[in-house]
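Give me a 3D structure for the following:
(chains A, B, C and D)
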Number of protein chains: 2
Amino acid sequence: MKSNPTAHDVARLAGVSQSAVSRAFTEGASVAPATRERILAAARELGYRPNAIARTLITRRSRIVGLVMSYLENQFYPLVIERLSQALQRDGYHVLLFISETADADAILADILQYQVDGIVMASTTLSSGLAHDCAEAGIPVVLFNRVAQLGAMGRFSTSSVTSQNREGGRLVGEMLVRTGHRRIAWLAGQENASTSLDREAGLCEALADAGLSLHARGVGRYDFNEARRAVMELFADPADRPDALFAANDHMAIAALETLRADLGLRVPEDVSVVGFDNVPQAAWPSFALTTVQQDVDSMVEATRNLLFEQIEGEVMARSETVPCVLVERATVQARRN
Amino acid sequence: MKSNPTAHDVARLAGVSQSAVSRAFTEGASVAPATRERILAAARELGYRPNAIARTLITRRSRIVGLVMSYLENQFYPLVIERLSQALQRDGYHVLLFISETADADAILADILQYQVDGIVMASTTLSSGLAHDCAEAGIPVVLFNRVAQLGAMGRFSTSSVTSQNREGGRLVGEMLVRTGHRRIAWLAGQENASTSLDREAGLCEALADAGLSLHARGVGRYDFNEARRAVMELFADPADRPDALFAANDHMAIAALETLRADLGLRVPEDVSVVGFDNVPQAAWPSFALTTVQQDVDSMVEATRNLLFEQIEGEVMARSETVPCVLVERATVQARRN
DNA sequence: CTGAAAGCGCTTACAG
DNA sequence: CTGAAAGCGCTTACAG
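Reported below is the predicted structural model:
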């Protein structure tokens, strides 16, 4: 295990100063083309690669972004990891990943901070106001992905966020369900305090109110597959008072609902009940599900995240929230009812 | 954006030297308890956190592990990310993530190397022998996850790996299929050069040979959902010569097969054809699929990876390959045939 | 265009 | 137990 060659080794071999070596590897630094060639050749010979850690120490730019996630079972998040990581790689950035199952996102973040990350993306977790304060103090941009800052006591340290237009998405579904003659519409919530769930529900309820309707029933699945199945069993327990449509706060739960409706309750979708989800994960398109859903535009969300991050890393711009439109994708789980 | 407090700031406030501050934050360093208390208090007051980058420079231990993946659509990989990342976090390590869609894993790895990672895990990608050489030279342990080193020209730089007992897994399926009376067994391969696909196929063929049988047909799905669907269409194109069982190299393709068989070919599973997968991803258990499959024990694989990594980081131990047993999980996609 | 020097924020022998 | 000093591998003014 011999240690890596350093800029000094290269300098010696190329017959230049160590500073010259550094310049040869720095975009736009002033080096004579011939010198640079000689240095690069020497570097190649020794297998030299600049030490990014040493560079970070002095430039105070690690080109690392911390990504905090809590669970990957919902296929939407692997997609986010994939796209975000690729987008960042294109800019020469890298993703330091943190999985926080429990609520100790704070301990984990304290950890991240030690690594001098240039920014933090929080998906499927929220930042405590204490840490939000620390990040703001330290000038580390934070963007909340698919969730919105909770304004707590320390609400003034506002954090950037990117979300879909969840309320509009919920409204779209509500309007479509009303238009197709549904009258007993049930809502399957995610986490009770998640902005995504809250906003989608608000949109749905608005659309219902416009039609003089209100929620027929309401269950809570906490964005969990098994919780969702349990909630659906309850929602459909009374055969005399069944919903004619179920709108789930995400596809993951909508699929759980589909499975439960068919396998456990012996109901047909869409003949007996219509089902709608949110996200448009890859499985929603599988023939077994053919789920009608609202598409979250991952690419646009990732792009917005990248931009928000970089504009804050580069400048001193304030936190800002961005919102991405979403569209209804109609497949086969909704059927018009005649009343 | 004021910059973070340093050990010097803390030292000044606590009235000690900067070295003392460093010791207060170093496990087992010799500091008087009272001094340490005073320092910790000062640090808390200033919001000081040791700079992990500076520490890395001097200790030559980044506590960062590079994880290289190529695509996350197959649910098996998000599971791996989640478990591996959690296991490493428990040891105070962090995961730097790299998504390499194309074959330019080399460029990406060169990138990782700059970050002075303490080790590298390669999943769903293989390491070129050139880079394997570099890593060995630099003393950076590499472990291949779910794939095995290709012995090329530079084969002497062997790389550690952890895999399931793929051949045995394939054999298990072959024996079960034979035992249940199947005679026209088709194989749906993954990537043609992937050790997982090759080994599982070899195991299957062994079991068939033992029964005096051989493969009835063979398709290639390249571990891709749509490729798999296409391959299944071909495999079942001739109604007069249909396989009575299909074994896919992973669940992702087995599910694709299920969808195609039912939705496009109007066949019933298991009545018309039996289907078996490999991995036991969460979806395999969903009622719509109830897929019979071979379970890869992710937790044991992750544990083995962690151990292999650490024994190499700590000592000078040689590369080693570890193999994890797998078991057949029988669900509802296989039906006995009477001939 | 190039080199000598200072310094990024730490850890770690070395004395005391 | 504690401090002064050297040094990890770089970048970046500053002179020339």
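
next SSE after the helix or strand of chain A with the lowest mean pLDDT?
Using mean pLDDT, DSSP states H and E, the weakest-scoring helix or strand in chain A turns out to be helix A:129-138, at a mean of 70. Once helix A:129-138 ends, the next helix or strand along the chain (criterion: DSSP states H and E) is strand A:142-145.

Show me what that following strand is in contact with.
A:80, A:84, A:119-123, A:126-127, A:132, A:135, A:159-162, A:301, A:305, A:308-309 (Cβ atoms under 8 Å, 6 or more residues apart in numbering or on different chains). To be clear about C-beta, it is placed using only N, CA and C from the backbone, and glycine gets the same treatment.

How about stretch A:49-57?
Contacting residues not belonging to stretch A:49-57 are listed as A:4, A:6-7, A:22, A:25, A:62-63, A:116, B:51, B:53-54, B:56-57, B:62, B:110, B:113-116 [Cβ under 8 Å, 6+ apart].

sorry, back to before: among the contacts of strand A:142-145, which ones are in strands?
A:Gly119, A:Ile120, A:Val121, A:Met122, A:Ala123, A:Ser160, A:Ser161, A:Val162 (DSSP state E).

Output the residues you listed as a markdown table; include the columns distance to B:Thr293, pLDDT and neighbour count.
Shown next, in a markdown table, are these (distance: Cβ to Cβ, whole Å; pLDDT from 0 to 100; neighbours: other Cβ atoms under 10 Å in any protein chain shown):
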| residue | distance to B:Thr293 | pLDDT | neighbour count |
| --- | --- | --- | --- |
| A:Gly119 | 40 | 93 | 24 |
| A:Ile120 | 38 | 92 | 24 |
| A:Val121 | 34 | 93 | 26 |
| A:Met122 | 35 | 89 | 27 |
| A:Ala123 | 30 | 89 | 21 |
| A:Ser160 | 43 | 89 | 24 |
| A:Ser161 | 40 | 91 | 23 |
| A:Val162 | 37 | 95 | 27 |
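
which of the residues you listed are close to DNA strand D?
Contacts with DNA strand D are made by none of the ones in strands among the contacts of strand A:142-145, judged by Cβ under 7 Å from any atom of the strand.

All the strands of the stretch 151-300 of chain A, residue numbers only.
A:160-164, A:185-189, A:217-220, A:245-248, A:274-279, A:292-295 (DSSP state E, counting those that start in this stretch).

tell me the domain boundaries of chain A?
According to automatic domain parsing, chain A comprises the domains A:7-50, A:60-163+A:298-324, A:166-296.

The last one: end-to-end distance?
It refers to domain A:166-296. 9 Å (Cα to Cα, to the nearest Å).

ditto for the shortest one
Start and end residues of domain A:7-50 are separated by 7 Å (Cα to Cα).

Over to the second one?
End-to-end span of domain A:60-163+A:298-324 (Cα to Cα): 32 Å.

can you give me how far that domain is from the chain middle?
Put simply, domain A:60-163+A:298-324 sits 9 Å off its chain's centre (Cα atoms, centre = their mean, to the nearest Å).

Any of the contacts of stretch A:49-57 buried? List them.
A:4, A:6-7, A:22, A:25, A:62-63, A:116, B:51, B:53-54, B:56-57, B:62, B:113-116 (16 or more other Cβ atoms under 10 Å in any protein chain shown).

where are the low-confidence patches of chain A?
Chain A contains residues with pLDDT under 70 at A:1-2, A:102-105, A:125-133, A:150-157, A:316-317, A:339.

what residues does it put near DNA strand D?
Taking Cβ under 7 Å from any atom of the strand as the contact definition, chain A meets DNA strand D at A:3-4, A:6-8, A:18-19, A:22-23, A:25-26, A:29, A:48, A:50-51, A:54-55, A:57-59.

Settle this for me: A:Leu172 is touching A:Glu330, isn't it.
No: look at A:Leu172 against A:Glu330 with Cβ atoms under 8 Å: they stay out of range, at 10.5 Å.

With neighbour numbers in mind, choose between the two.
Neighbours per residue (other Cβ atoms under 10 Å in any protein chain shown) separate A:Leu172 from A:Glu330, with A:Leu172 holding more: 20 against 14.

Please give me every residue in contact with that one.
Counting by Cβ under 8 Å, 6+ apart, A:Leu172 makes contact with A:Gly203, A:Ala207, A:Val294, A:Cys326, A:Val327, A:Leu328.

what's near enough to touch the second one?
If I follow you right, that is A:Ala207. So A:Ala207 contacts A:Gly170, A:Arg171, A:Leu172, A:Val173, A:Gly174, A:Glu175, A:Leu177, A:Val178 (Cβ under 8 Å, 6+ apart).

Pull out the buried residues from those.
Neighbour counting by 16+ other Cβ under 10 Å classes A:Gly170, A:Arg171, A:Leu172, A:Val173, A:Gly174, A:Glu175, A:Leu177, A:Val178 among the contacts of A:Ala207 as buried.

hmm, back to that, of all the strands of the stretch 151-300 of chain A, which lies closest to chain B?
For chain B, the closest of the strands of the stretch 151-300 of chain A is strand A:274-279, at 13.3 Å, according to Cβ to the nearest Cβ.

How about the residues of the stretch 1-150 of chain A by DNA strand C?
Listed as neighbours of DNA strand C in the stretch 1-150 of chain A under the rule Cβ under 7 Å from any atom of the strand: A:16-20, A:23, A:30-32, A:34-35, A:54, A:57-58, A:60.

Which of those residues sits closest to B:Arg338?
Among these, A:Ala54 lies closest to B:Arg338 (Cβ to Cβ), at 71.5 Å.

Doesn't the closest one belong to a strand?
No: with DSSP: H, G, I helix; E, B strand; the rest coil as the criterion, A:Ala54 is located in helix rather than a strand.

what does the stretch 151-300 of chain A put close to chain B?
Counting by Cβ under 8 Å from any Cβ of the partner chain, the positions of the stretch 151-300 of chain A adjacent to chain B are A:225, A:255, A:258-259, A:262-264, A:282-283, A:286-289.

Could you find the closest non-adjacent residue to A:Ser30?
With sequence-adjacent residues excluded and distances taken as Cβ to Cβ, 6 or more residues apart in numbering or on different chains, A:Ser30 is closest to A:Arg23, at 6.8 Å.

and A:Gly266, how many neighbours?
Neighbours of A:Gly266 using other Cβ under 10 Å come to 8.

OK, contacts around it?
Applying Cβ under 8 Å, 6+ apart, we find A:Gly266 in contact with no residue.

Distance-wise, check the closest residue to chain B within the stretch 51-200 of chain A relative to A:Ser161.
Residue nearest to chain B within the stretch 51-200 of chain A: A:Gly139 (3.0 Å; Cβ to the nearest Cβ). Distance from A:Gly139 to A:Ser161, counting by Cβ to Cβ, to the nearest Å: 18 Å.

same question, A:Asn226
To A:Ser161, A:Asn226 is 29 Å away according to Cβ to Cβ.

cool, and A:Ile313?
Plainly put, A:Ile313 is 17 Å away from A:Ser161 if you go by Cβ to Cβ.

I am finished for the moment; much appreciated.
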